[in-house]
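could you work out the structure for the sequence below:
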Amino acid sequence: MLFRSTSTVSIVPIMLVTHPSLPVRTAQDFITLAKARPNAITMASAGTGSNGHLTGALFQVITGVKLTHVPYKGSGPALVDLMGGQTQCIFDQVSTSAPLVTTGRLRAIAVASSKRSPLMREVPTMEEAGVRNFEAATYTGVFLPAATPRDIVSRVTAAVLKTLDMPSTRDAFTRLGAEVIKSTPEELSKRLAADLVRWKKVQQQTGIRLD
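Purely as a prediction, here's the structure:
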């Protein structure tokens, strides 16, 4: 292993967002329209193999819809074209899309998390919207070089956890649409390993090529 884990830091759920011109307001509206028009709805992403791309692929596997993927070089250009109507939907971080939803430039459909986002409390979860077993998020963690002595790893982990317990830290993450999430080094390693297996399976199911 190239790194040693310390603790997770934060997690930001992924949200299905559409251009306002798309005639849908709920996840079931979206699924119904997508099934009626296979491959007609264009799905932007930050690039092939990005979190948003893989999340969109997982959504298609679970719901049976077929979308046309349009990869961009980053989420910025993808969101710009989505706002301009060149594409019709994106699976994006709540923290990035929320301001665009608030100003009416985009429409939030559902959040792919077990509970609603504090940043968008009016937006239902996918589970509430009837899409089962569909969760996706981006998360951050602190890693150290593999050669770092265990006592140093323990000290850094303790410092990270202490910082995450500070109200000011939690408030700062909440304002960004993120939730503080602490863990042991072992839990972070297991989460990372499980995610690699999960997304590898999605890649195999969909034929996505990660060149």
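
now for the helix ranked longest in the chain, which elements pack on it?
Determined from DSSP state H, the single longest helix within the chain is helix 185-206. In terms of contacts (3 or more CB pairs under 8 Å, 6 or more residues apart in numbering; DSSP states H and E), helix 185-206 is packed against strand 3-18, helix 51-63, strand 137-145. C-beta here means a position set from N, CA and C on the backbone, and glycine is covered the same way.

from the chain's centroid, how far away is it?
How far helix 185-206 lies from its chain's middle: 14 Å, per CA atoms, centre = their mean, to the nearest Å.

so that helix versus strand 3-18, what angle?
With axes from the mean of the first three to the mean of the last three CA atoms, to 10 degrees defining the directions, helix 185-206 sits at 50 degrees from strand 3-18.

and helix 185-206, which residues are buried?
For helix 185-206, a neighbour-count test (16 or more other CB atoms under 10 Å) marks Pro185, Leu188, Ser189, Arg191, Leu192, Trp199, Val202, Thr206 as buried.

including distance to Met126 and pLDDT, could those residues go into TSV?
Output for the buried residues of helix 185-206, formatted as TSV (distance: CB to CB, whole Å; pLDDT from 0 to 100):
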residue	distance to Met126	pLDDT
Pro185	30	93
Leu188	25	94
Ser189	27	92
Arg191	20	92
Leu192	23	91
Trp199	17	87
Val202	16	87
Thr206	18	85
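
right, and out of those residues, which lies closest to Gly141?
Distance to Gly141, by CB to CB, is smallest for Leu188 among the buried residues of helix 185-206, at 5.0 Å.

in contact with the closest one, which residues?
Neighbouring residues of Leu188 by CB atoms under 8 Å, 6 or more residues apart in numbering: Ser5, Thr6, Ser7, Thr8, Gly141.

could you report the pLDDT at the first one?
Per-residue pLDDT puts Ser5 at 94.

hmm, Lys190 and it touching each other?
No: between Ser5 and Lys190 there is no contact, the gap being 9.1 Å when judged by CB atoms under 8 Å.

of the helices and strands packed on helix 185-206, which is nearest Val94?
The nearest among those, by CB to CB, is strand 3-18 at 4.9 Å.

paired strands for that closest one, with orientation please.
Strand 3-18 has its sheet partners listed here by DSSP bridges as strand 89-93 (antiparallel), strand 107-111 (antiparallel), strand 137-145 (antiparallel), strand 179-180 (antiparallel).
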